[in-house]
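Give me a model of this one.
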Amino acid sequence: MKTIIENIEGDTWVEQDTELHGYILGSAIVRSGKLLRVCGAISGNVKLESGARVFLYGYVGGDVVNNGGLLEVYGVVNGRVVRQAGTTRYGPEGLVYGEGI
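Modelled structure (predicted):
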């Protein structure tokens with residue numbers, strides 16, 4: 001598993017299983033079959049492709065769009081959580097400030 005502890009400027013495509021402890025100043029797209037564990041922060045949106053997995057313990061400043069993956073929210077989403085397909089779960093400490101769909 002790749003671990004990111006630095007800050008990244010710009011949109012990021014997750015092409016391998018990754019754990020984020022740093023900050024992405026942009027959006028993240030998680031490719032099919034890949035895992036993103038967010039312990040840090042993402043300023044933009046997060047998009048899950050079909051079969052992707054995202055475990056959010058940190059912060060997302062925009063929307064999280066689930067297009068057929070597995071999303072578990074234990075942290076904070078400042079935008080909306082949009083489930084177009086797949087499975088979305090919320091932990092008791094998970095917060096979504098936008099309107100979830």
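
going forward, measure contacts and count neighbours with C-alpha atoms only.
Noted.

residue closest to the middle of this protein?
residue 46 (4.7 Å; Cα atoms, centre = their mean).

bridging residues for it?
residue 28, residue 64 (DSSP bridges).

cool, and residue 72?
Using DSSP bridges, the bridge partners assigned to residue 72 are residue 55, residue 89.

burial count for it?
Residues lying near residue 72 (other Cα atoms under 10 Å) number 17.

And it, how close does it get to residue 10?
24 Å (Cα to Cα, to the nearest Å).

per-residue confidence averaged over stretch 80-89?
Throughout stretch 80-89, pLDDT has a mean value of 95.

Could you pull up phi and psi at residue 12?
Phi and psi for residue 12, reported as degrees, to the nearest 10, are phi -130, psi 130.

got it, and residue 95?
According to degrees, to the nearest 10, residue 95 has phi -120, psi 130.

go on, residue 5?
Per-residue torsions, residue 5: phi -120, psi -10 (degrees, to the nearest 10).

Neighbours of the closest residue to residue 95 other than its chain neighbours, how many?
Using Cα to Cα, 6 or more residues apart in numbering and skipping the chain neighbours, the partner closest in space to residue 95 is residue 76 (4.7 Å). Other residues near residue 76 come to 18 when the count uses other Cα under 10 Å.

From residue 48, how far off is residue 76?
17 Å.

where does the protein dip in pLDDT?
Applying pLDDT under 70 to the chain flags the ranges 99-101.
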